[in-house]
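got a predicted structure here, sequence first:
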Amino acid sequence: MPDLNNPNTKDWTAVAAKDKTKEKNEKIMTEEMPEITQLSSAECEAKLDASEKKAEEYMNKYMRLLADMENAQRRAERDIDNARNYAIEKFALETLNVADNLERTLDVGVEGNELVQKIYIGVELTMKSLLETLQKFGVEQINPIGEIFNHDLHSAVTVREDKTVKPNTVVQVLQKGYLLKKRLLRPAMVIVSK
């Protein structure tokens, strides 16, 4: 082992390694990257400007790609929310036919014997239960009798002369409408006053 305190002894392996590294760096600067060593100051600035423009272009592309990814993620989240909120839409639409038939049955009235009255009460309770169940899942009934006609929620079948109400008022509901979580499921079919 060489004596490091003695100036006459040297660690020749360290000296050789240092000389090798120096030679390697010189070789890289002269042979592998000759354009850098031979460029003038103006040429270096031009190359730097070109590199900065290229970096800015890549940054712009990256930012656009990032924005596109965020938009796609928001769109996917919105689609998932809509699927979750409105998954029962088709089922609810089919169920509305049952509600309509029960309402028609109730419109007939309760004239008759005790058996007919019991059937009527049963249909009435079934209708109430059906509407409560629909309401649990976000389906609300629209019964716009006496309200001003709203083309977003109502569908006018015909117009009727009626001096007792203001013009453009719903005077009769032929078929009730329904909303599913504030979105129109089926418009109410109505007759409107002139």
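Yep, it's here. Residues are numbered from 1 along each chain as shown.

longest helix in the chain, please.
helix 41-85 (DSSP state H).

show me how far that helix is from its chain's centre.
With CA atoms, centre = their mean, to the nearest Å as the basis, helix 41-85 stands 21 Å off its chain's centre.

and that helix, average pLDDT?
Averaged across helix 41-85, the pLDDT comes to 91.

do stretch 145-154 as well
If you average the pLDDT values across stretch 145-154, you get 93.

I'd like the distance between the spatially most central residue of the chain and I148.
Nearest to the geometric centre of the chain sits R78, at 1.5 Å (CA atoms, centre = their mean). Taking CB to CB, to the nearest Å as the criterion, R78 is separated from I148 by 32 Å. Bear in mind the C-beta positions are built from the backbone N, C-alpha and C, glycine included.

which helices and strands sit right next to the stretch of helix or strand R104 belongs to?
Remark: R104 resides in helix 89-108, with elements defined by DSSP states H and E. For helix 89-108, the packing partners by 3 or more CB pairs under 8 Å, 6 or more residues apart in numbering; DSSP states H and E come out as helix 114-136, strand 177-180, strand 183-186.

what's the domain layout of the protein?
Using automatic domain parsing, the domain parsing of the chain gives 12-82, 86-193.

okay, the ones you listed, which one's buried deepest?
domain 86-193 (a mean of 14; mean count of other CB atoms under 10 Å).

what's the span of it, first residue to last?
Domain 86-193 has an end-to-end distance of 34 Å (criterion: CA to CA, to the nearest Å).

please renumber so the chain begins at 52
Sounds good: first residue 52 from here, last item domain 137-244.

rewinding a little: right, and the helices and strands packed on helix 140-159 - which one's nearest K217?
Of all the helices and strands packed on helix 140-159, it is strand 228-231 that lies closest to K217, at 20.8 Å by CB to CB.

parallel or antiparallel, which strands does the closest one pair with?
Paired with strand 228-231 in the same sheet, following DSSP bridges, are strand 190-193 (antiparallel), strand 234-237 (antiparallel).

select, out of the ones you listed, the one closest to T64.
Per CB to CB, nearest to T64 of the strands paired with strand 228-231: strand 234-237, 81.1 Å.

and the closest one, how far out from the chain's middle?
19 Å.

do me a favour and average the pLDDT over that strand.
92.

who touches that strand?
137, 140, 143-144, 147, 190, 203-204, 228-230 (CB atoms under 8 Å, 6 or more residues apart in numbering).
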